[in-house]
Every structure is written in C-alpha cells, then in structure tokens.
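[1] Give me a 3D structure for the following:
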Amino acid sequence: MGAETDRQALLPRVRDLFLLLVVLVLVVQLVEWFDADTALWPHRTVAAGALLATLGWAVTLHRRGRPHLLLDALLVVAIAGAGWGLGYPNSVIALLVGVSQMRTMYGERRSVMRGTAGILLAYVLLIHLFDGAGGILEPGVVVVVVGLSAIVLVIRLVGEAMASHDLVARWDAVLTEAAEELVGATELAEVDRGVERALQRLERVAPVAGGGLWAETLPPGAVPQTAAALASAAERRRLTESAPRLAKVLRRLDGDRTLARERVASEQRFRVLAEESSDAIYVLEMWPVLRWRYLNPAAQELLGLSADEATRDPEAVFGRVHPQDRAQLFRAGGDDGVLDVPMRFRVVRETDQQVTWVEAHEIVLEREDGRPRVVQGVARDVTRQWNEEIALRRALQQQETAAEDLRALDEMKSMFLRAVSHELRTPLTAVLGASLTLRRREELADEKVEALLEAIHRQASRLERLLEDLLDVDRLSRGIIAPERAPTGVVSLVHRVVEAMEEDTHPVTVTGEEVVADLDAAKVERIVDNLVRNAGKHTPPGTDIRITVSGDERCAVISVEDDGPGVPPELRGRVFEPFAQGPSARSSASPGTGIGLALVSKLAELHGGGVHIEEPPSGGARFVVTLPSRAPAERGADVRMPGAR
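    Here you go, the predicted model:
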C-alpha cells in the first residue's frame, strides 16, 4: 500500500516533471553550445563540462530526494561556467529558471532560499564579469532576479501544499490498512498488535525536524509506540497544539481501536453463547463471494457437515435442504435472498439421511450498495412441534369428520324416522280403519266385506315389503346374503314386475329383446320394483316410465328412464346411500323411506355389478343397472322363465 501511495502522490509526480524540464533546458543549451562564438578550448569545453555537471546535479538531487551543500555549490559553479564558456550571460536564463524551479521541490524552506540565493548570485556575478557593475542595475537583470525569486517562493508554497496532501494521503492509507486489519481481528491481543503496526507505519511517514518539505515538523517521540499509550497520546495537549493533524490521525486510530475491541468482545460473548446453544447459528457472507463465516457446533451437527467442509464448498450447505423444499426456500428469500420472516423446511443429514424439520430466521448484519452483504441466521429444530402439529391437525380433521358423520347420521335418523313413521302410519291406519269397520260386519254387505279384507291384505303386504327392505339392507350390508343364481329371462321378469305393481298413475313401457342371464330372479324383481316406484315418486302423474333391457348371456343391463326433474350432479353419489333422499322426495306428501335405491345398489353389487345415473338428452333421469351373469355350462330347455310352473 505504501508503494501505491508513492505512485499516486502529487509531489513526486511534479518532481519528475521538473526533472524533465531541466533536461529540456540542457538540450536547448547544447544547441546554443554549437552556435556560440567562443573558442572550443577552453571556453566551450568548460561550458560542456558545466552542462554535464548540471545534469549530474539534477539526477543526483532527484534520486537522493534531499539537497546537499556540495551539490548546490557544484550547481553555482556550473551556471557560472556555462555563462562564461558560451560568452554571454543571457544564455543561461533558461537554465537558471529550470534548475531554480527544480530546487524548490527539495529541502526545507530555509535550505531552498539559500540554494536559490546562491544560484541568483552566480547569475549576478556573470553579469558583473561581462557587463560590469552597471549591468547589474539594468532593468532586465532586475526583472530576472526579482521574477525568479517570486517564482521560487510561489512554487515553494505550492510544493508545501502538495507535500501536505501527500502526507495526509499516506496517513489515510495507513489508517485504511489498519482498519481493514482490525476488521479481521478475532482476539483483543490481535487488535493491539494491529494498532502497534499502524503506529510504526505512521512514524515512518511522519515528518520530523529537518526532514524536508513540511511546514509542521514533529518532535521525536510524537508518535506513541504501544497501543496502551495511544489513548493518552491522542489527547495530549502538547501534541494537539504543535501537530493538530497528527493528533487527529491518532484520535481516529484510537477510535478504530476502541470499536474493534468492542466488536471483538461482543463477538467473543456471541461465540460463547453460540457454542453452547442448542439452536443452529450461522453467519453467511453473501457477496462478492459466497462464504460461511461461522457455523456453531449445533449447525454442524444438524447438517452433518464440518465448518471446514462448509468453507471449502459453500454450496454443500444448501445441498442439505430437502429437494422438495429448495424451490420454496429460495422463493421465501425474495429478491435479496434473506429469510426476514420465519421459514420452515426440511434438512437431510448426509451421514445417516436423518430428516429434520427446522425453522430459520435471518437478520442483516452488513449492507453494501443497498443490498445485504452479511447475514446472521438461527435455525431451530422443530421436528417434534411439527409432528405434534400434524397429529393435532389429523385429530382435528378426524373430529370434524366424525362430527360431520354424526350430523349426517342424525339427519339420516330424523329423515328415516319421519319417513318410516309416515310409511308405517298410513298402512296401519288403513288396517285399523278396515278392522274397526269389519267389527260391524253384520251391517255390511258381502262386497263391502271383501273390499275391506282386500284393503287389509294390501296394506299388510305394504308393511311386509317395508320391513323386508329394511332387513335386506341390513343383511346385505353385513354380507350374509348370497345370490341364488339360475338362468332367467330378464324381459319376462320385468313384464311380470310391472304387471304386479298395478301402476296406474304412470304409463310404463318395456322394450328390448329377451336376454337370458344367470341371475337371482327374486332379487332382480326387487331391483326393478324399487326403480319403478322411485321413478313414479319423483315424476308428475301421467309422465312415462321407460324400461329398456339389453345384454347377452354374460351380462344383463336394465335401464329405467323417466321424465322428471332429474338428479342434481352433487347428489348422484349420495342417493344410493341408505335413508338418503332427494329434494323432491323431502318436500312431497309421501317422502318414502330412502332405502329403495340403497337396496338397488346393494342387490346389484351382490351380483357383482353396479348402478349409476345418467342424464338423457330429453331430461329426467336414467338409472342403469349392470348385472353380470355366471354363464351356465349348458343352455337349453332348463331355462326358467318368471311365472313358469
């Protein structure tokens, strides 16, 4: 850093410029040497030696960096010899200007004045030798002497300003280098050693009495030697009064030392806490180069990665994040990559593939150019809390499901009770009324008695069918019923069911060619009966009910289609549940029990088939039942048709 400061300093660059000026002047004098009218020996020979002596003076002064009395004497003799050898003193004016300006850049102000006075004295002596005493008083000579003196004074003041600037730059460079060194210190002793090295560098560049171009010279020992003496030296009144700039530099260095010691002490306290913490603590430098400054033991244990390994391969830490969580983690970091809000993700330890849930949070320690440079983060193991949350969430979901099931069951129970009570009350009322009337049968005609007995039989059959449906749903749910398969003509079976139902409010049509399948005829009859009754219940009186039979010996398909309002899509999966009813059934005067379609589904499943709902293009609902057949080994005359004796 010191060499770089020397190259950038103002004063050395100006000195180089003046050296080039002197060389240029000597070239001009060499041209005049060829044009001079004086003899080659000894005049021009002396002039040539004088020019060489001037060149030697300039190069030596530039290399040494400080003047010397013998050098100044040599220059005075050289100027006098050049003027005498060339035969006219005015020819050395350019040489006089060049060397006088160069001389002002070296030595103390007093030394510069003495050297310049000697150079001007040599010029005056030349004037006296060639023009006599009267020539000294000529206006041109007076202008040259006075002008050169003013130029020397001005250049000297400018040189002192440049020297002051260079010295301040050197001190700033020392302080900057010391600050960089103190930033990297990790121990208090290391801070003091860095301060002492800075003091040594300050002493090497500080001006002392007789030390050159500097108006403010320092007494010996002005710069303290140890870090312990720095604080008192920075406040010393004598130094503040005699060298305020150095006092300011020392106070700045002492401030940097105090801040560095406070930082190191804080980091040591942080390190003690971090080393004992069960949470993973880390310090990450994000740019210009990604670097993990610190990983505490808990972080190394969590990652299965040592601090040295993380330093050698910074990306290895991010490689421990679960692959399914990496994208989410990077999105949570935002544009600057800092987790300024807590973020949960999984970490997979490479040594044993153990998966740990952690919650990480980061804060910015240093910013540069508006973006975070160094961040500190804490990652806490939340695996147990996460598992407890999952278990609690599942338990809550189970409770909500159970509560929903209970509500549905309670609603189903209420609907069932309303429906069953209605379905039971109607036939019971009819039976009771008919039986009470029969008690006075001696007052009734025979036709009336027969009608009442028929009504009692019909309503009792209705009760029997209701109870049979309830029992069958229960038995089918428990799987204690097996189908009694036999070759059955499906179309004939459907015709028989329709004729037995005596459905007079809805015309029922049956289409399809005869299909013979291996089925349980009684249970298929109940399927058709329940589907037709369901269609009649949900369609206006007078609308058609259409039954279509298709299939072959492997499978029979029965579809029952109506022109009613249809089944909403959201209810098509629920209408086959026990006691479930559609909106139209709930609002009707005879809602039914809600087990008809459930019984259809169970009986279809008993055959290995199923039932589903379709929406015909003309509207309404179409229930399609698929009944797989167990094909008999032989087909022939043993095919049993419904109703055959």
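[2] going forward, measure contacts between C-alpha atoms and count neighbours the same way
    Noted.
[3] OK, contacts around the residue nearest the centre of the chain?
    Nearest to the mean C-alpha position of the chain, by C-alpha atoms, centre = their mean, lies G333 at 2.0 Å. G333 makes contact with 339-340, according to C-alpha atoms under 8 Å, 6 or more residues apart in numbering.
[4] Show me how far the helix or strand where L396 lies is from its chain's centre.
    Per DSSP states H and E: L396 is located in helix 383-438. A distance of 51 Å separates the centroid of the chain from that of helix 383-438, by C-alpha atoms, centre = their mean, to the nearest Å.
[5] can I assume D381 is in contact with I281?
    No - D381 is beyond contact range of I281, at 11.5 Å (criterion: C-alpha atoms under 8 Å).
[6] Give me the more crowded residue out of these two.
    Shown here are D381 and I281; by other C-alpha atoms under 10 Å, I281 has more neighbours (24 against 20).
[7] tell me the SS of that one?
    The three-state assignment at I281 reads strand, by DSSP: H, G, I helix; E, B strand; the rest coil.
[8] if we can go back for a sec, from E389, how far out is the residue nearest to the centre of the chain?
    Counting by C-alpha to C-alpha, to the nearest Å, the gap from G333 to E389 is 24 Å.
[9] I'd like the average pLDDT over the helix holding L396.
    Mean per-residue pLDDT for helix 383-438: 78.
[10] same check, this time on stretch 537-552
    Computed over stretch 537-552, the average pLDDT equals 88.
[11] got the buried residues for it?
    Using 16 or more other C-alpha atoms under 10 Å as the test for burial, stretch 537-552 gives 537-539, 543-551.
[12] Could you do stretch 610-618 as well?
    Going by 16+ other C-alpha under 10 Å, stretch 610-618 has these buried residues: 610-611, 613-614.
[13] same check, this time on stretch 491-498
    If you call a residue buried by 16+ other C-alpha under 10 Å, then stretch 491-498 has these buried ones: 491-495, 497-498.
[14] now that stretch, how far from the centre of its chain.
    Using C-alpha atoms, centre = their mean, the offset of stretch 491-498 from its chain centre is 72 Å.
[15] show me the contacts for E447.
    Counting by C-alpha under 8 Å, 6+ apart, E447 touches no other residue.
[16] quick one: the strands in the protein?
    280-285, 291-295, 343-348, 355-368, 371-381, 486-489, 508-511, 516-519, 545-551, 555-562, 610-614, 622-628 (DSSP state E).
[17] Out of the ones you listed, which is the most enclosed?
    strand 516-519 (a mean of 25; mean count of other C-alpha atoms under 10 Å).
[18] what are the pairing partners of that strand, and which direction each?
    Paired strands of strand 516-519, with direction, are strand 486-489 (antiparallel) (DSSP bridges).
[19] Distance check, the residue of the chain positioned farthest from its centre against G107.
    Distance to the chain centre peaks in the chain at E442, reaching 97.9 Å (criterion: C-alpha atoms, centre = their mean). For E442, the distance to G107 equals 159 Å [C-alpha to C-alpha].
[20] so how far is L148 from A117?
    10 Å.
[21] and those two? which has more neighbours close in?
    Legend: neighbour count by other C-alpha under 10 Å for A117 and L148, higher for L148 (20 against 17).
[22] number of nearby residues for E309?
    The tally of other residues near E309 (other C-alpha under 10 Å) stands at 12.
[23] pLDDT at it, what is it?
    At E309, the model reports a pLDDT of 89.
[24] Residue numbering should commence at 13 henceforth.
    Noted, 13 is the first residue going forward, which turns the last one into E321.
[25] ok, back up a step: now distance to G97 too, for the buried residues of stretch 549-564, in CSV please.
    Output for these, formatted as CSV (distance: C-alpha to C-alpha, whole Å):
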residue, distance to G97
K549, 144
H550, 140
T551, 141
T555, 145
D556, 145
I557, 144
R558, 143
I559, 143
T560, 142
V561, 143
S562, 141
G563, 140
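[26] Nearest to D84, out of those residues: which one, please.
    Using C-alpha to C-alpha, H550 is the member of the buried residues of stretch 549-564 that lies nearest D84, at 130.1 Å.
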